[in-house]
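> Pasting a predicted model and its sequence here:
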Amino acid sequence: MAKKIVTDLDLKNKKVLVRLDFNVPMKDGKITNDNRIVAALPTIKYILENGGKVIAFSHLGKVKTKEDLISKSIRPAANRLAELLEKEVKFIPTTKGPELEAAVDALKPGEIMMFENTRFEDLDGKKESSNDPELGKYWASLGDLFVNDAFGTAHRSHASNIGIAANIGEGKTAAGFLMEKEIKFIGGAVDNPTKPLIAILGGSKVSDKIGVIENLLDKADKILVGGAMMFTFLRALGKNTGKSMVEEDKLDLAKSLLDKANGKLVLPIDTVVSKEFNNDAPHKTVSVNNIPEDQMGLDIGAATIKLFSEEISNAKTVVWNGPMGVFEMPNYAKGTIGVCEAIANLKNSTTIIGGGDSAAAAIQLGYASKFTHISTGGGASLEYLEGKELPGIVSISEK
Ligand code: ADP
Ligand code: MG
């Protein structure tokens, strides 16, 4: 079941449709973080250097109103791409029609163009997001080959991924290098990990991560639980959790997961508590057996960091989703930093972090280079960790 990658395609003189993930954060028409554009360069350069003609496109945000046609234009991303490539990127301010078709026809090998935000097609009947059959067919008709490098939308069935793949022709869809990495590392960790596999789960809600916990309970040797979700488990065990975040309606589920886990789920033994959700309020570390009624747990404590670090030191594969505490506040970032440290100390292990806030935490805390792989997809990495088949990946041709 190996998927084609861009290096498996004969690109010379071919019109190559390239689905990118340029869903970059913007403020007042300016890009505030160009990581995703930088990350796309290897795939684009490879196609250009091998004589392909690149027709690039991506979605940007959600498009619901006429005003969005101005504020959600992807032109700033095309301009930034041109700067990074040190090359002209011809921008076509539309998603279909004669101007776009003429630009495609005029493209020479080694040249690149980009067209508008694919979700402009959502304004009139959600054509992109509901995978309107005519739209996928039309976009496919513009190119000879299709390279999908947008892992962030791989869990969606949109015209700009599966619609094009279904129409471009047999054997003509390949993964770009970013997509290839996600398949190799997340897919590899879930399907065929080198053991022991230690999963670390945290973040805000159990309910967001039920599928991930269930899938990893089968596959991982241990699951370390931190973040706010720990309190739902602690309460399910009958402990007092004070003002901590607990999902009352998930207590039965937490109980049944604990029963199924057979000791695989490792819960914190201490927590940092405060009366307020506030970095500057007084805080202290207490045993999970003594959480004061009027306080909330905002991080794992030092004894738990030690316990988790010992578990992590045995791992050959680590999969991490969800921060250990409210890492945005320095006083509650220590648990997340401690786990980053434990992972940084591993040798010869594959370490993967996924999830929007988790990836942001690893980067913000200065540990980005310590991971084998930081997944770029939020929802997509979660669904992949749940063991689901992602339509965007399924639609890539087999080798
Ligand atoms: P991801 O985006 O990586 O999947 P989540 O969105 O599930 O992660 O969770 C991230 C959020 O969880 C962070 O904003 C963090 O502040 C919050 N969080 C972690 N621990 C706690 C806690 N003990 N109480 C409240 N919020 C928490
Ligand atoms: Mg999140």
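Cool, got the structure. Ligands and ions are numbered 1, 2, ... in the order given.

> Can you dump the C-alpha atoms of whichever strand or helix holds residue 83 in PDB for me?
Secondary structure assigned from DSSP states H and E places residue 83 in helix 75-85. Output in PDB follows, covering the C-alpha atoms of helix 75-85 (Å, rounded to 0.1, in the frame of the first residue of the first chain):
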ATOM      1  CA  ARG A  75      -2.400  36.900  -3.100                       C
ATOM      2  CA  PRO A  76      -0.200  37.800  -0.100                       C
ATOM      3  CA  ALA A  77       0.800  34.200   0.200                       C
ATOM      4  CA  ALA A  78       1.700  34.100  -3.600                       C
ATOM      5  CA  ASN A  79       3.800  37.200  -3.100                       C
ATOM      6  CA  ARG A  80       5.600  35.700  -0.200                       C
ATOM      7  CA  LEU A  81       6.200  32.500  -2.200                       C
ATOM      8  CA  ALA A  82       7.700  34.600  -5.000                       C
ATOM      9  CA  GLU A  83      10.100  36.200  -2.500                       C
ATOM     10  CA  LEU A  84      11.200  32.900  -1.000                       C
ATOM     11  CA  LEU A  85      11.600  31.300  -4.500                       C
END
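
> just checking, what packs against it?
Where contact means 3 or more CB pairs under 8 Å, 6 or more residues apart in numbering; DSSP states H and E, helix 75-85 is packed against strand 30-31, helix 35-49, strand 89-92, strand 112-115. The way it works is simple: take the backbone N, C-alpha and C, and place the C-beta from them, glycine included.

> Show me which residues of that helix are buried.
75-78, 80-82, 84-85 (16 or more other CB atoms under 10 Å).

> start to end distance for stretch 107-114?
End-to-end distance for stretch 107-114: 11 Å, by CA to CA, to the nearest Å.

> contacting residues around the closest residue to ligand 1 within the stretch 51-200 of the chain?
Ranking the residues of the stretch 51-200 of the chain by distance to ligand 1 (CB to the nearest ligand atom) places residue 200 first, at 11.0 Å. Residue 200 sits next to 223-224, 226, 308, 312, 318-322, 324, 339 when contact means CB atoms under 8 Å, 6 or more residues apart in numbering.

> Can you give me the neighbour number for the closest residue to ligand 2 within the stretch 1-150 of the chain?
Nearest to ligand 2 in the stretch 1-150 of the chain, going by CB to the ion, is residue 25, at a distance of 14.2 Å. Residues lying near residue 25 (other CB atoms under 10 Å) number 12.

> Find the residue closest to residue 331 in space, skipping its chain neighbours.
Leaving aside its chain neighbours, residue 331 sits nearest to residue 279 (5.1 Å; criterion: CB to CB, 6 or more residues apart in numbering).

> Please read the previous query as pertaining to residue 3.
Of all residues beyond its chain neighbours, the one nearest residue 3 is residue 396 (4.5 Å), with distances taken as CB to CB, 6+ apart.

> Quick check: which element contains the one you found?
Assigned by DSSP H and E, residue 396 falls within no helix or strand.

> ok now do it, which residues does it touch?
Counting by CB under 8 Å, 6+ apart, residue 396 has contacts 3-4, 148, 165, 173-175, 179.

> So, low pLDDT: which residues of the stretch 201-350 of the chain?
Along the stretch 201-350 of the chain, segments meeting pLDDT under 70 are nowhere present.

> ok, which residues in it are in contact with ligand 1?
Contacts of the stretch 201-350 of the chain with ligand 1, taken as CB under 6 Å from any ligand atom, map to 202-204, 208, 227-228, 245, 297-298, 321-323, 325-326, 328.

> so what's the residue in the stretch 51-200 of the chain that ligand 2 sits nearest to up against?
Relative to ligand 2, the nearest point of the stretch 51-200 of the chain is residue 152 (13.4 Å; CB to the ion). Contact partners of residue 152, counting by CB under 8 Å, 6+ apart, are 21, 23, 376-380.

> Among those, which lie within helices?
379-380 (DSSP state H).

> how far away is residue 222 from ligand 2?
Noted for residue 222: a distance of 23 Å to ligand 2, by CB to the ion, to the nearest Å.

> What does that residue show for phi and psi?
Reported as degrees, to the nearest 10, the phi and psi values for residue 222 are phi -140, psi 150.

> I'd say it and residue 198 touch.
Yes. Between residue 222 and residue 198 there is a contact at 5.2 Å, judged by CB atoms under 8 Å.

> which residues are in contact with both of the two?
Shared contacts of residue 222 and residue 198 (CB under 8 Å, 6+ apart): residue 311.

> okay, the two: which has more neighbours?
Neighbour comparison, residue 222 and residue 198: the larger count goes to residue 198, with 29 against 20 (by other CB under 10 Å).

> Surely the more buried one touches residue 225?
No. In this structure residue 198 lies outside contact range of residue 225 using CB under 8 Å: 11.8 Å.

> quick one, domains of the protein?
6-175, 182-385 (automatic domain parsing).

> Does the residue of the stretch 1-150 of the chain closest to ligand 2 touch residue 33 like I think?
Yes. Here residue 25 lies in contact with residue 33, judged by CB under 8 Å, at a distance of 5.2 Å.

> Please name the residues that touch the closest residue to ligand 2 within the stretch 251-399 of the chain.
Nearest residue of the stretch 251-399 of the chain to ligand 2 (CB to the ion) works out as residue 357 at 4.0 Å. By CB under 8 Å, 6+ apart, the contact list for residue 357 reads 203, 322-323.
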